[in-house]
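Engineer: Below: sequence and its predicted model.
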Number of protein chains: 2
Amino acid sequence: MSNNELRKDYILNRWVVIATQRRRRPSDFIRAKREKKVSSCPFCPGNEDMTPPAILVYLKDNGRLIKDRDHKGSRHSNWMVRCVPNLYPAFTHPIDDKKRVEDEFFKSLPASGHHEVLIESPIHDEHPGTARIKQLILVINAYIDRFKDLSSKEYVKYVSIFRNHGSEAGASLSHAHTQIIATSILPRILKEEMEGAKEYLNETGKCMFCEIIRKERESPRFIWENNSFIVFAPWASMHPFEFWIFPKRHQSTIMDMTPKEIDDLATTIRTCFGALRRLLSDPPYNFAFHMIPDEHFHWHIEVYPRLAIWAGFEKSTGVYINVFSPEEASLNLRKAIAEEESQIC
Amino acid sequence: MSNNELRKDYILNRWVVIATQRRRRPSDFIRAKREKKVSSCPFCPGNEDMTPPAILVYLKDNGRLIKDRDHKGSRHSNWMVRCVPNLYPAFTHPIDDKKRVEDEFFKSLPASGHHEVLIESPIHDEHPGTARIKQLILVINAYIDRFKDLSSKEYVKYVSIFRNHGSEAGASLSHAHTQIIATSILPRILKEEMEGAKEYLNETGKCMFCEIIRKERESPRFIWENNSFIVFAPWASMHPFEFWIFPKRHQSTIMDMTPKEIDDLATTIRTCFGALRRLLSDPPYNFAFHMIPDEHFHWHIEVYPRLAIWAGFEKSTGVYINVFSPEEASLNLRKAIAEEESQIC
């Protein structure tokens, strides 16, 4: 008999079928690699002219860290992290607002905003699952710098920092990089999260996210924690091996982190992505920060390994079928973390 | 300068970036085929024992059509269309309701319902883009029969009829087949459509969908029509070459079709999927019927060719980036239909 469950997300009106009948072992999710390393990677050192000038560069200068940007026509080459405009931006700097269409059925406005690429390391393959902690600290600092700059712009309503890993997860280049998109609308999912949080606070006087953390820490979905962060497989995981990373202290965006918390986030990322890589042979995945500069919000990272296909049912209904339970995902990830921890430097 | 547009769906709070800067030709979407034909296909004639007994079979009997089901242990072999339970169902026949969890954050209920596979033809490769019209008429009749049966069950709140074509679109077997899932919840997207339709009717006295058809028929997104159906690329297409098929006459589900409309739907499906196949070299796609047995609803089919990847941004925000405008998609599909029409029999 079936023990399938239909689970509702904490906040969103989003249901997931936990269908473990279609049981799989972690190794069933391992796929043949399709990635090819391009001969001249535009993100590798020496090829800086293949990208637009950098908006932000962290430079090595006799052991000191210097923040700068590329200046007209020139390109820095002694960089540790570089952030450049996306050559094919989905959102672009606003020109005018004349293109707005407010017809009954045909609503349209200019896709105003920014679309950037953050190159995480001069080393082509320095991905979160294998990176040095000190490099990840630089990457997180660069996230904070770009978030601060973009979210201060008057027309920006949301800043999405996300990472596509592997060609099957939408990464067109294999050099370690993150994308940043600033939009002039607050996206649906974030809006629903924000509204849920406000409603919960009004009713209970408590932060909904803090409560979720407290409950999941005691649940079979708990994966890992350090002083500042907690990691768990969410109750209504949409994807096999999905996990979420939360700061324990209530804070609305990454701008609120202390230096100690930044160090701890680097360790958290290295540990969890190293374990995911170890467990599933470097699977494709997407991750994204959820953050809104509002005291009601509690920022976090959602990680979606790309091990199943959203097909006709998911796309047309907004209901997702997940063939691996979060409880089993948590168990497997805990084991992989135990093996991974000795490898981290 | 960028002409990117951020478009809102007619009804849903779902925004799409039309980002034509990243311009592509139709041929750019053609991918190498990965499908392999299995040696013993469980859906091919002679292998009926590889599936559970059929819930519905259309049989050939001296030129007459007979509807039956497989009886205990036995399997019909002279079938034209067969519908069988899915061996790995996501939703299953309800046993009891004890498994319901109503915690503040941990909501859960049994995934009650049905999950079936409709085998569209004894011919392995008789997909909608190449099928004989007379075979498609049988398939549509089988959809109607299964929809009627499933939607009459007291615990069923929604019946999704959908098709995954090609392994990249989630089809695990290449034999022409459709899936049917009956659920005990009304999915989010359908709920939003229904609420939008009711609200519009209350405000204007008109059917929102009828109005959309009327406007799109005159738009650059119009693709094709016959007496009973109209096809267009929707205003806020989430996917390159997305198209929607609507009956012109207001009707809430496929149960309301006249025999003439069934014939016309078969021709519409054959024409549009034949053109899609011709234009993009048989691309992977998903399609799904949207239908609710309520007079406010107006059923339709949404077709999502699988030519781009929903990555970190789409998955975390619910905002979609589409690199091909619906106006261009319509232009290309119109041309392909003109070439395809002479091939249809």
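Structural biologist: Arrived safely, thanks for sending. Numbering: from 1, shown residues only, chains lettered A, B, ... in the order given.
Engineer: Show me the longest helix that occurs in chain A.
Structural biologist: helix A:259-280 (DSSP state H).
Engineer: buried sites along that helix?
Structural biologist: Using 16 or more other CB atoms under 10 Å in any protein chain shown as the test for burial, helix A:259-280 gives A:261-280. C-beta here means a position set from N, CA and C on the backbone, and glycine is covered the same way.
Engineer: What average pLDDT does it get?
Structural biologist: Confidence for helix A:259-280, expressed as mean pLDDT, is 97.
Engineer: ok, then the element right after that helix?
Structural biologist: Per DSSP states H and E, the first helix or strand lying C-terminal to helix A:259-280 is strand A:285-290.
Engineer: Just want the angle from that next one to helix A:259-280.
Structural biologist: Here the directions of strand A:285-290 and helix A:259-280 differ by 160 degrees (axes from the mean of the first three to the mean of the last three CA atoms, to 10 degrees).
Engineer: Paired strands for strand A:285-290, with orientation please.
Structural biologist: Strand A:285-290 sits in its sheet next to strand A:158-165 (antiparallel), strand A:300-305 (antiparallel), going by DSSP bridges.
Engineer: ranking these by burial, who's on top?
Structural biologist: For the strands paired with strand A:285-290, average neighbour numbers computed from mean count of other CB atoms under 10 Å in any protein chain shown are highest in strand A:158-165, which has a mean of 25.
Engineer: next SSE after that strand?
Structural biologist: For strand A:158-165, the following helix or strand on the C-terminal side (DSSP H and E) is strand A:177-183.
Engineer: who does the next helix or strand after that following strand touch, helix- and strand-wise?
Structural biologist: Proceeding N to C from strand A:177-183, the next assigned helix or strand is helix A:188-204, under DSSP H and E. Counting contacts by 3 or more CB pairs under 8 Å, 6 or more residues apart in numbering or on different chains; DSSP states H and E, helix A:188-204 packs against helix A:208-217, strand A:285-290, helix B:312-317.
Engineer: so which of the ones you listed gets nearest residue B:75?
Structural biologist: Proximity to residue B:75 (CB to CB) singles out helix B:312-317 among these, at 41.6 Å.
Engineer: pLDDT averaged over that closest one, what's the number?
Structural biologist: Averaging pLDDT along helix B:312-317 gives 94.
Engineer: Near chain B, which residues of the stretch 151-300 of chain A? Just list them.
Structural biologist: Selection of the stretch 151-300 of chain A residues close to chain B by CB under 8 Å from any CB of the partner chain yields A:158, A:160, A:162-164, A:168-171, A:179, A:181, A:183-185, A:187-191, A:211-212, A:215, A:235, A:286-288, A:290.
Engineer: how does it look with 6 Å?
Structural biologist: Residues of the stretch 151-300 of chain A lying close to chain B by CB under 6 Å from any CB of the partner chain are A:160, A:162-164, A:170, A:181, A:187-189, A:212, A:235, A:286, A:288.
Engineer: Go ahead and confirm residue A:175 touches residue A:40.
Structural biologist: No: contact criterion CB atoms under 6 Å: residue A:175 and residue A:40 do not qualify, at 11.1 Å.
Engineer: Going by how many neighbours each has, rank the two and give me the top one.
Structural biologist: Higher neighbour count among residue A:175 and residue A:40: residue A:175, with 22 against 8, using other CB atoms under 10 Å in any protein chain shown.
Engineer: Need phi/psi at that one.
Structural biologist: Phi and psi for residue A:175, reported as degrees, to the nearest 10, are phi -60, psi 140.
Engineer: burial of the nearest residue to it once chain neighbours are set aside, as a residue count?
Structural biologist: Using CB to CB, 6 or more residues apart in numbering or on different chains and skipping the chain neighbours, the partner closest in space to residue A:175 is residue A:43 (3.8 Å). Residues near residue A:43, counting by other CB under 10 Å, number 22.
Engineer: quick one on the thing from earlier: and the residues of the stretch 151-300 of chain A next to chain B, which is closest to residue B:300?
Structural biologist: Of all these, residue A:188 has the smallest distance to residue B:300: 22.0 Å, by CB to CB.
Engineer: Now do the same contact list for the nearest residue to the closest one once chain neighbours are set aside.
Structural biologist: Computed as CB to CB, 6+ apart, the closest residue to residue A:188 that is not its neighbour in sequence is residue B:318, at 4.0 Å. Residue B:318 makes contact with A:187, A:188, A:189 under the criterion CB atoms under 6 Å, 6 or more residues apart in numbering or on different chains.
Engineer: List only buried entries from the residues you listed.
Structural biologist: The neighbour count (16+ other CB under 10 Å) marks A:187, A:188, A:189 as buried among these.
Engineer: bridging residues for residue A:165?
Structural biologist: Counting by DSSP bridges, residue A:165 is bridged to residue A:285.
Engineer: that older thread, nearest approach to residue A:205 belongs to which of the strands paired with strand A:285-290?
Structural biologist: Between residue A:205 and the strands paired with strand A:285-290, the shortest gap by CB to CB is with strand A:300-305, which sits at 21.1 Å.
Engineer: and the angle for the closest one with helix A:188-204?
Structural biologist: Using the same axes, to 10 degrees: strand A:300-305 against helix A:188-204 is 130 degrees.
Engineer: Skipping adjacent residues, who's closest to the residue nearest the centre of chain A in space?
Structural biologist: In chain A, the residue lying closest to the centroid (CA atoms, centre = their mean) is residue A:288, at 2.2 Å. Computed as CB to CB, 6+ apart, the closest residue to residue A:288 that is not its neighbour in sequence is residue B:316, at 3.4 Å.
Engineer: show me the residues around the residue nearest to residue A:228 when sequence neighbours are not counted that make contact.
Structural biologist: Counting by CB to CB, 6+ apart, residue A:264 is the residue found nearest to residue A:228 once chain neighbours are left out, at 3.8 Å. By CB under 6 Å, 6+ apart, the contact set of residue A:264 is A:226, A:227, A:228, A:229.
Engineer: What number of neighbouring residues does the last one come out with?
Structural biologist: Neighbour count of residue A:229, defined by other CB under 10 Å: 23.
Engineer: do you know how far it is from residue A:300?
Structural biologist: Noted for residue A:229: a distance of 9 Å to residue A:300, by CB to CB, to the nearest Å.
Engineer: circling back: can you put the buried ones among the contacts of residue B:318 in TSV and add distance to residue B:203?
Structural biologist: Listed next are the buried ones among the contacts of residue B:318 as TSV, based on distance: CB to CB, whole Å:
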residue	distance to residue B:203
A:187	27
A:188	23
A:189	28
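Engineer: tell me, how many neighbours does the closest residue to residue A:233 other than its chain neighbours end up with?
Structural biologist: Distance criterion CB to CB, 6+ apart; nearest residue to residue A:233, sequence neighbours excluded, is residue A:326 at 3.6 Å. Using other CB under 10 Å, residue A:326 has 29 other residues around it.
Engineer: ok, residue A:326 touching residue A:239?
Structural biologist: No: Residue A:326 lies out of contact with residue A:239 (CB under 6 Å); the separation is 9.8 Å.
Engineer: what's residue A:112 in contact with, if anything?
Structural biologist: Contacts for residue A:112 (CB under 6 Å, 6+ apart) come out as A:94, A:155, A:184.
Engineer: can I get these in CSV with distance to residue B:85 and pLDDT?
Structural biologist: Shown next, in CSV, are the contacts of residue A:112 (distance: CB to CB, whole Å; pLDDT from 0 to 100):
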residue, distance to residue B:85, pLDDT
A:94, 54, 77
A:155, 53, 92
A:184, 48, 89
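Engineer: Out of those, which comes closest to chain B?
Structural biologist: Set against chain B, the nearest of those by CB to the nearest CB is residue A:184 (7.6 Å).
Engineer: Spatially, what comes nearest to that closest one if we skip its sequence neighbours?
Structural biologist: In space, and not counting its chain neighbours, residue A:184 is closest to residue A:112: 4.3 Å by CB to CB, 6+ apart.
Engineer: Can you give me the distance of the one you found to residue B:323?
Structural biologist: Going from residue A:112 to residue B:323 by CB to CB gives 18 Å.
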